[in-house]
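Undergrad: Mind looking at a prediction? Sequence and model below.
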Amino acid sequence: MEHLTKETFLQKIFNYEDNQEWKFEGQLPCLIDFYADWCGPCKMVAPILEELSKEYDGKIKIYKVNTEDEQELSSVFGIRSIPSMLFCPVEGQPQMAVGALPKDSLRQAIDEILLNQKAS
């Protein structure tokens, strides 16, 4: 899983310096995990995200942003508590989910928000 810096975020996700309105730069929909090393719930979510990145390989990308290292990115998205996850579909607005979600909830959000598939 790739860790994003401000520079790679501007290239791969959203260039907020050039665009006022949301404009997704990526080819694949993505989930961005805003976390910190000291955050207990973040550590619980990390292995789940690793598993999901393998399950959805080639369909979505999963990125991580360390809120300690990338404070500007955190403030751009108004991150107040972590973990926070930003779901970025290719079309449409991103959606934020806050808190350590269980794997089923994350899978459902990926399917519905990113892949536009309703659970049958």
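TA: Structure's in. What do you need?
Undergrad: could you pull out the strands for this protein?
TA: For the chain, the strands defined by DSSP state E cover 2-3, 30-35, 61-66, 84-88, 95-98.
Undergrad: name the helices or strands packed onto the second one?
TA: Strand 30-35 is packed against helix 40-55, strand 61-66, strand 84-88, with contacts defined by 3 or more CB pairs under 8 Å, 6 or more residues apart in numbering; DSSP states H and E. (C-beta placed from N, C-alpha, C; glycine too.)
Undergrad: Could you check how far the longest one is from the centre of its chain?
TA: Relative to the mean C-alpha coordinate of its chain, helix 40-55 is positioned 12 Å out (CA atoms, centre = their mean, to the nearest Å).
Undergrad: Kindly report the same for the last one.
TA: Taking the mean of its C-alpha atoms, strand 84-88 sits 4 Å from the chain's own mean (CA atoms, centre = their mean).
Undergrad: do the same with stretch 41-61
TA: In terms of CA atoms, centre = their mean, the centre of stretch 41-61 is found 10 Å from the chain centre.
Undergrad: Name the residues of that stretch that are buried.
TA: By neighbour count with 16 or more other CB atoms under 10 Å, stretch 41-61 contains the buried residues 42, 45, 46, 48, 49, 52, 53, 56, 60, 61.
Undergrad: Tell me which residues are up against that stretch.
TA: By CB atoms under 8 Å, 6 or more residues apart in numbering, the residues outside stretch 41-61 that reach it are 1-2, 26, 28-31, 33, 35-36, 62, 64, 82-83, 99-103, 106-107, 110, 114-115.
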